[in-house]
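J.: Give me coordinates for this.
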Amino acid sequence: MKAVNKLVLLVLAGALASVVASAATPERVYLESCRKAPGVPVPLRVVTPLVGPEFIGATVQLQFVVDAQGRPAGISIVSSPDRELGLQVVEAVKQWRFQPAEFEGKPVATKVALPVNIIEQAVPGPRYVASR
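T.: Next comes the predicted model:
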């Protein structure tokens, strides 16, 4: 039985300040802060969901499989406070690409749980962050 892995990111005030200071995109900050542990798929490319400010503070829980080629498959919404918000997050995650988990040196499909918290950013642009 495969374990469910969480892709996680905890955004602190310092991380947001570094985005402003370095002009790094929120996506780049997210990619650089992802946990890189054996057996965990690592995001290589992320796409931010396009959502309105009314969803700031909302969380969408997703579950899916990252296949051996690094593509998300079988995405399902575990919970979302709004149907349209959940669908927007799913559409964004469908475009993500991962470095797949490995077992004995070979890429393997891995089930992933991904909570996505919609946050207000200190810089203009789309809003998102995955959290613990």
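J.: alpha carbons only for contacts and neighbour counts from here, please
T.: Noted.
J.: Show me where this structure dips below the pLDDT cut-off.
T.: Counting by pLDDT under 70, the chain has low-confidence residues at 1-23, 38, 121-132.
J.: What ranges does it have for its strands?
T.: For the chain, the strands defined by DSSP state E cover 5-6, 42-45, 59-66, 72-79, 97-99, 101-103, 106-108, 110-117, 129-130.
J.: looking at those strands, which is closest to residue 85?
T.: strand 59-66 (7.8 Å; C-alpha to C-alpha).
J.: Let me have the strands of the chain in CSV, extended by mean neighbour count and distance to residue 30.
T.: Formatted as CSV, the strands of the chain follow (neighbours: other C-alpha atoms under 10 Å; distance: least, C-alpha to C-alpha, whole Å):
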stretch, mean neighbour count, distance to residue 30
strand 5-6, 16, 14
strand 42-45, 18, 9
strand 59-66, 22, 16
strand 72-79, 16, 17
strand 97-99, 19, 13
strand 101-103, 17, 18
strand 106-108, 14, 23
strand 110-117, 22, 12
strand 129-130, 22, 7
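J.: With distance to residue 91 added, can I get the ones you listed in a markdown table?
T.: As requested, the strands of the chain are exported to a markdown table (distance: least, C-alpha to C-alpha, whole Å):
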| stretch | distance to residue 91 |
| --- | --- |
| strand 5-6 | 19 |
| strand 42-45 | 14 |
| strand 59-66 | 12 |
| strand 72-79 | 9 |
| strand 97-99 | 13 |
| strand 101-103 | 22 |
| strand 106-108 | 23 |
| strand 110-117 | 13 |
| strand 129-130 | 15 |
